[in-house]
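1. how does the following fold in three dimensions:
(2 chains)
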Number of protein chains: 2
Amino acid sequence: MTAPREVVRRILADRTDQPKGTAKVYVPANIALVKYWGKRDEALNLPVTGSLSVSLGPLGSHVELSRAAGPADEIRLNGAHLPADGSFAKRASAYLDLFRPRDFFFAVQARNTVPTAAGFASSASGFAALAKAADALFGWGLAPRELSILARLGSGSAARSLADGFVEWHAGQAADGMDSYAERVAAEWPELRVGALVLCAEEKPVGSRAGMKRCVETCEFYREWPARVARDLAELKAAIARKDFAALGAIAEGNALAMHALMAATRPPLLYALPETVAAMRTIWAVRATGLPLWFTMDAGPNVKLLFEAKDEARVREMFPGIDVVAPFG
Amino acid sequence: MTAPREVVRRILADRTDQPKGTAKVYVPANIALVKYWGKRDEALNLPVTGSLSVSLGPLGSHVELSRAAGPADEIRLNGAHLPADGSFAKRASAYLDLFRPRDFFFAVQARNTVPTAAGFASSASGFAALAKAADALFGWGLAPRELSILARLGSGSAARSLADGFVEWHAGQAADGMDSYAERVAAEWPELRVGALVLCAEEKPVGSRAGMKRCVETCEFYREWPARVARDLAELKAAIARKDFAALGAIAEGNALAMHALMAATRPPLLYALPETVAAMRTIWAVRATGLPLWFTMDAGPNVKLLFEAKDEARVREMFPGIDVVAPFG
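-> A predicted model of the protein is given here:
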C-alpha cells in the first residue's frame, strides 16, 4: 500500500515550489457514460475498472488559490466562508495537506458553475480545480497525466475533470496508481447535448464512497462488473469513433442501469431512485418509442441526465421544461 | 433433450386411465421468497436454481375437470367461456394434450380465488390444479413428487403449488427433470402474514417467460445468480427453522431486489417497477425504521407483497388500506 503523500512525492520528484501570488483556474465537471463504481485501493482512489466521461464545458469549478495568513486555511465556496470544522472544508484541507509547505496556509476561493446539487457531481471538478490551482500556484508545470493522478487523490472522478470532451480514465494496474490516470479521447461531437433533470436536490443518504465500498464487499453481481465495463467501454469508444448516437445512448443508459442494479443487489440494498426517477425513465422510453433519440444516464443519486442531439433540443426542452442543457463540445 | 410427452410417459409408466365422471380439486397460489428466475430447459421448465415459496392458503385455483362432447376442449374461467383461440385456452389445451387420450376432449371449469391481476400469479395454481385434476379424473394416484413434475410442465412455479405452507422446489440436475420437483418444508408459522399491495392491474409488457430468457442470455450478472440463490436458500431455511422473522424478511426482500437488479441489467433493460412501486418500497423502509418488522417481496411485475406478522396486522392495514391479507398457515 502506497500512501497518498508518497504518490505526491513521486510526482513532484525534484520540482521545487515557486509560489506565485495567486493562481486562478477553471475545470469542467464531468458525467460518466461508462461508470466508475468500486475501488481497488481506498486511500489512492484506484478504480477496479476504467471509465469514460464527457466533460460539461461551462459547468464546472473556478478556484483561486493563494497563501493565507493562517493559522488555518480560509475556504470560501460560492462566496460564503466555510467553517474549518465542516465536512467540505475538512476534506479540502486534508487534500491540501498532501502538498502543503511547512507553515503554509491556503486561501481557497471556489465557485461552482455547476448548479449546486443539480445532480452533476461538483466534487470531481472541485478537487480537479484544487490540483490544477496548486500546480499553477507553486509553478510545478505538471503534465496532464500527473495532474490527473494528483486530482484522483482528492476524488476518483476528479481524475477525469482535467480535459474537455470525452475523457477516458485508465484503471491501471500498478499498486501506486501511476498508471491510473485520465486523458482526452481524440473525438469531437458538437451536436451532443446533456440535460440535467433535477428531481431531488437533497443530499443523498448514502454517499458514493460508502455506497461503492458496501457494494464491492457484499454484492455477488459485482464480480461481473469488470467484464460488463470492459465490453461497454470498447463499444462506447467504437460508437464515439463512428459518431453513432443511438449506440452511445444505449451503452450509457445500459451501463447506468447496470450500476444501479449492483446497488439494488447490495446488502443492505442501495436504492437511489425516487418515484420521480422511475417516472422520468418511463417518460424517456415513451418519448424514444415515438422516434426521438433520447437516452439517459444516472449517477449515484436520484437525478437523471438526458442525452440527446442538438437537432432535438427544442423538443426535449418542451417535454422537460426547466432542464439545464449543456453542449459539451461548445 | 427430453420432450414433455416423454416425461409424462415416464411418470404414468404402466398406469392406465380409469376415467371418473368429474374431478374437483383446489390448489393454492404461491409466492416465492427465494425466486425462480431462469431456465436450464425451456421445454421442461427446468430451473437454473432452486426456489422456496409460501403457499397462499385460500387464494388459489379451483378446477373441475370432466369429459366434453367435443370437437374441442370447453374451457371456462371464473364462469366465462374462453374462446378456443385465446392465449389462455390455447395454453391450457396444449398442456392437456400431454395426457389427452385419443378422441378425448376436456371440459374445464376453473375458478380463481386469487384476485385476477392482484399481483399473485394465478398461472402457477392454474396449471397445478389442472395436473391435480387430471390425476383425479383418470385415477392415476400419483405421488406428490410426480404431481409436482407434471405441474411444472405447464408452468415452472406450478411445481410449488401442490402443497401448503413453505415449499421448496429442488432445481435437480437430470436432463429429464425427474429430480426437479417441489415438496413441503416441515415447518409451521401461524403468525406469518402476506399482504398484496396492488399498484397496477394491467398486464405486464414483458411476461416472465420472455423476460427470464432475455435475462439469462444477455445479463452478465446472471452468472452470479445461482451463487446468490444458494446462499439465500440456505439462510432462508435456517431462518424458517428458528422462526426468525427479521431474517426471513431480509432474505426475501434482498432476493427480490437482486432478481429485479438482474432484470435492470438485461439488454435491453427490463424494468417492472412503476413510480408507485418505488414509493411503496420507500414507505415500507420508513415504516420499518420506526421499529415495525415489515418487509416486501416482488415478482416480475410492479406489485408489492408485504411480509409481516399477525401482531402487526392492524397497523399494516392502517398504513396500507385496501390490501388483501393472507394467513398462509390458516
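
2. what is the neighbour count of the nearest residue to A:Ala159 once chain neighbours are set aside?
-> Computed as CB to CB, 6 or more residues apart in numbering or on different chains, the closest residue to A:Ala159 that is not its neighbour in sequence is A:Arg152, at 3.8 Å. Bear in mind the C-beta positions are built from the backbone N, C-alpha and C, glycine included. By the criterion of other CB atoms under 10 Å in any protein chain shown, A:Arg152 has 28 neighbours.

3. equivalent analysis for A:Ile240, please.
-> For A:Ile240, using other CB under 10 Å, the count is 25.

4. from chain B, how far out is A:Leu56?
-> To chain B, A:Leu56 is 25 Å away according to CB to the nearest CB, to the nearest Å.

5. let me redo that: A:Arg228
-> A:Arg228 sits 5 Å away from chain B, going by CB to the nearest CB.

6. does A:Trp278 touch B:Thr277 like I think?
-> Actually, residue A:278 is Val. It isn't Trp. Yes: counting by CB atoms under 8 Å, A:Val278 sits close enough to B:Thr277 to count as a contact (7.3 Å).

7. how much space between the residue nearest to A:Ala159 and chain B?
-> Here the criterion is CB to the nearest CB. By it, A:Arg152 lies 27 Å from chain B.

8. who's in contact with that residue?
-> Going by CB atoms under 8 Å, 6 or more residues apart in numbering or on different chains, A:Arg152 touches A:44-46, A:158-159, A:177, A:180-181.

9. and if you look at A:Pro28?
-> Contacts of A:Pro28 by CB under 8 Å, 6+ apart are A:55-60, A:125, A:161, A:164.

10. now, of the residues you listed, which are buried?
-> The neighbour-count test (16 or more other CB atoms under 10 Å in any protein chain shown) marks A:55-57, A:59-60, A:125, A:161, A:164 as buried among the contacts of A:Pro28.

11. B:Pro101: which of the residues you listed is nearest?
-> B:Pro101 lies nearest to A:Leu56 out of these, by CB to CB, at 71.0 Å.

12. quick one on the thing from earlier: which of the contacts of A:Arg152 tops the neighbour count?
-> That'd be A:Ala159 among the contacts of A:Arg152, by other CB under 10 Å, with 34 neighbours.

13. for it, report the pLDDT, please.
-> pLDDT, A:Ala159: 98.

14. which positions in chain A make contact with chain B?
-> Residues of chain A lying close to chain B (CB under 8 Å from any CB of the partner chain) are A:220-221, A:223-224, A:227-228, A:231, A:250, A:253-254, A:257-258, A:260-262, A:264-265, A:267-269, A:271, A:273-279, A:281-282.

15. report the buried members of those residues.
-> Those of the residues of chain A next to chain B that meet the buried threshold are A:220-221, A:224, A:228, A:250, A:253-254, A:257-258, A:260-262, A:264-265, A:267, A:269, A:271, A:273-279, A:281, by 16+ other CB under 10 Å.

16. where do the helices of the stretch 201-330 of chain A begin and end?
-> A:208-218, A:225-241, A:245-264, A:275-289, A:313-319 (DSSP state H, counting those that start in this stretch).

17. hey, which of those helices is tucked in deepest?
-> A comparison of those by mean neighbour count, using mean count of other CB atoms under 10 Å in any protein chain shown, puts helix A:245-264 on top with a mean of 23.

18. distance between that helix and the chain's centre?
-> 17 Å (CA atoms, centre = their mean, to the nearest Å).

19. and the contacts of stretch A:122-134?
-> Residues outside stretch A:122-134 that contact it (CB under 8 Å, 6+ apart): A:23-30, A:60-65, A:92, A:95-96, A:99, A:108, A:110, A:112, A:114, A:116, A:140, A:147, A:150-151, A:153-155, A:157-162.

20. try it again at 6 Å.
-> Outside stretch A:122-134, the residues that touch it by CB atoms under 6 Å, 6 or more residues apart in numbering or on different chains are A:23, A:25, A:27, A:29-30, A:60-61, A:63, A:65, A:99, A:112, A:114, A:147, A:150-151, A:154-155, A:157-158, A:161-162.

21. state the mean pLDDT of it.
-> Mean predicted lDDT for stretch A:122-134 stands at 94.

22. the longest strand along chain A pairs with which strands?
-> Under DSSP state E, the strand in chain A containing the largest number of residues is strand A:51-68. Strand A:51-68 pairs in its sheet with strand A:22-34 (antiparallel), strand A:105-112 (antiparallel), strand A:166-169 (antiparallel), by DSSP bridges.

23. got the angle for that strand vs helix A:245-264?
-> 70 degrees (axes from the mean of the first three to the mean of the last three CA atoms, to 10 degrees).

24. right, and the helix or strand after strand A:51-68?
-> strand A:74-77 (DSSP states H and E).

25. for that next one, buried residues please.
-> Along strand A:74-77, these residues count as buried under the neighbour rule (16+ other CB under 10 Å): A:74-75, A:77.

26. and which of those residues is nearest to chain B?
-> Among the buried residues of strand A:74-77, A:Leu77 lies closest to chain B (CB to the nearest CB), at 30.8 Å.

27. need the contact list for that closest one.
-> Counting by CB under 6 Å, 6+ apart, A:Leu77 makes contact with A:Ala110.

28. how about the one 5 residues further on?
-> Shown in contact with A:Leu82 (CB under 6 Å, 6+ apart): A:75, A:88-89.

29. out of those residues, who's nearest B:Asp135?
-> A:Phe88 (69.7 Å).

30. how many other residues sit next to the closest one?
-> 14.

31. tell me the phi and psi of the closest residue to A:Ser157 other than its chain neighbours?
-> Leaving aside its chain neighbours, A:Ser157 sits nearest to A:Ala124 (4.0 Å; criterion: CB to CB, 6+ apart). Dihedral pair for A:Ala124: phi -60, psi -50, per degrees, to the nearest 10.

32. what's the distance between A:Ala124 and chain B?
-> For A:Ala124 relative to chain B (CB to the nearest CB), the value is 25 Å.

33. ditto for A:Ala136
-> 43 Å.

34. tell me the one of the contacts of A:Leu82 nearest B:Ala69?
-> A:Phe88 (81.2 Å).

35. residues of the helix or strand harbouring the closest one that come out buried?
-> For A:Phe88, the host element (DSSP H and E) is helix A:87-96. For helix A:87-96, the neighbour count (16+ other CB under 10 Å) marks A:89, A:92-93, A:95-96 as buried.

36. and what of stretch A:183-199?
-> Those would be A:183, A:185, A:189, A:192-199, for stretch A:183-199 by 16+ other CB under 10 Å.
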